[in-house]
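Asker: Take a look and give me a structure for this.
(one chain, ligands or ions: 1)
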Amino acid sequence: MTTIADKIILALDVPTKKEALALVDQLREQISFFKIGLQLYTAEGPEIVRAVLSKDAKVWLDLKLHDIPNTVARAVESASNLGVNMLTIHLSGGSEMIRAATAARTNNITILGVTVLTSANEQTLREIGIADRVADQVLRLAKLGVEAEIDGIVASPREIKKLRTEFGNKIKIAVQGIRPSWAEPGDQKRFMTPRQAAEAGADYLGIGRPITTHPRPREALAKILAEVTT
Ligand code: C5P
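Answerer: Numbering: from 1, shown residues only. Take a look at the predicted model:
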């Protein structure tokens, strides 16, 4: 059975291996899934992935790959060999790139597709020649991903329901932009509480600063787990 603790993924958005592993050590008893993104991976490379995996933890490598199909396929192979559990690609790379990625999966790796980044708005789409509304572009890219056998989609909280209605349980949905009721929103403008996101049907909740910048991360995580369970 999947528990709420299995759904929560801590974003290790810190600059060094030392800080990342300190967080994993503090929180590993409560959760087992950690996200390594561009900042930490660029600083510490595959060694940080191996170090987190060696704590009997799972790793989401959030590199948002977007390149020619062959290069993306080879990077998927490298991530699979490293033992990463989940990896992200940009669906705007097109169906050939997505297919190259899904065909290169080994070791049970899950590939999630990014549609439109939550930092982008209609103006951003216009700049790059897309005349559609953000919501329509999200759905178009998600469909492209599903047709090319993507395992899941990275979504903003307010897209969960629509994606679930469209694709049922064929895909995993990972959301970010989660703010517990007691946390500062920070730069997050469109957020949901962990409970709302879980109830809306998210499979994974990626959470960073509400836990990592809290003076007592274990306590922050315990409060989140309690908030979703009760
Ligand atoms: O804001 P927070 O620190 O909880 O973000 C956790 C992760 O979610 C970060 O790695 C960030 O890249 C990602 N994120 C996102 N979309 C947002 C906000 C954050 O993908 N709107």
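Asker: Name the nearest residue to the residue of the chain found nearest the ligand, ignoring sequence neighbours.
Answerer: Closest residue of the chain to the ligand, Cβ to the nearest ligand atom: residue 208 (2.5 Å). For glycine as for every other residue, the C-beta is placed from the backbone atoms N, C-alpha and C. Leaving aside its chain neighbours, residue 208 sits nearest to residue 11 (3.4 Å; criterion: Cβ to Cβ, 6 or more residues apart in numbering).
Asker: contacting residues around the residue of the chain closest to the ligand?
Answerer: Contact analysis of residue 208 by Cβ atoms under 8 Å, 6 or more residues apart in numbering lists 10-11, 13, 35, 176.
Asker: So which of those would count as near the ligand as well?
Answerer: For the ligand, the contacts drawn from those by Cβ under 6 Å from any ligand atom are 11, 13, 176.
Asker: List the buried residues in the top strand by length along the chain.
Answerer: Longest strand in the chain, counting residues (DSSP state E): strand 58-65. Along strand 58-65, these residues count as buried under the neighbour rule (16 or more other Cβ atoms under 10 Å): 58-65.
Asker: where do the strands sit along the protein?
Answerer: Taking DSSP E as the criterion, the chain carries its strands at 8-11, 33-37, 58-65, 86-90, 110-114, 152-155, 172-175, 204-207.
Asker: out of those strands, nearest to residue 222?
Answerer: Proximity to residue 222, assessed across the strands of the chain by Cβ to Cβ, is greatest for strand 8-11 (11.3 Å).
Asker: ok, the closest one: who's next to it in the sheet?
Answerer: strand 33-37 (parallel), strand 204-207 (parallel) (DSSP bridges).
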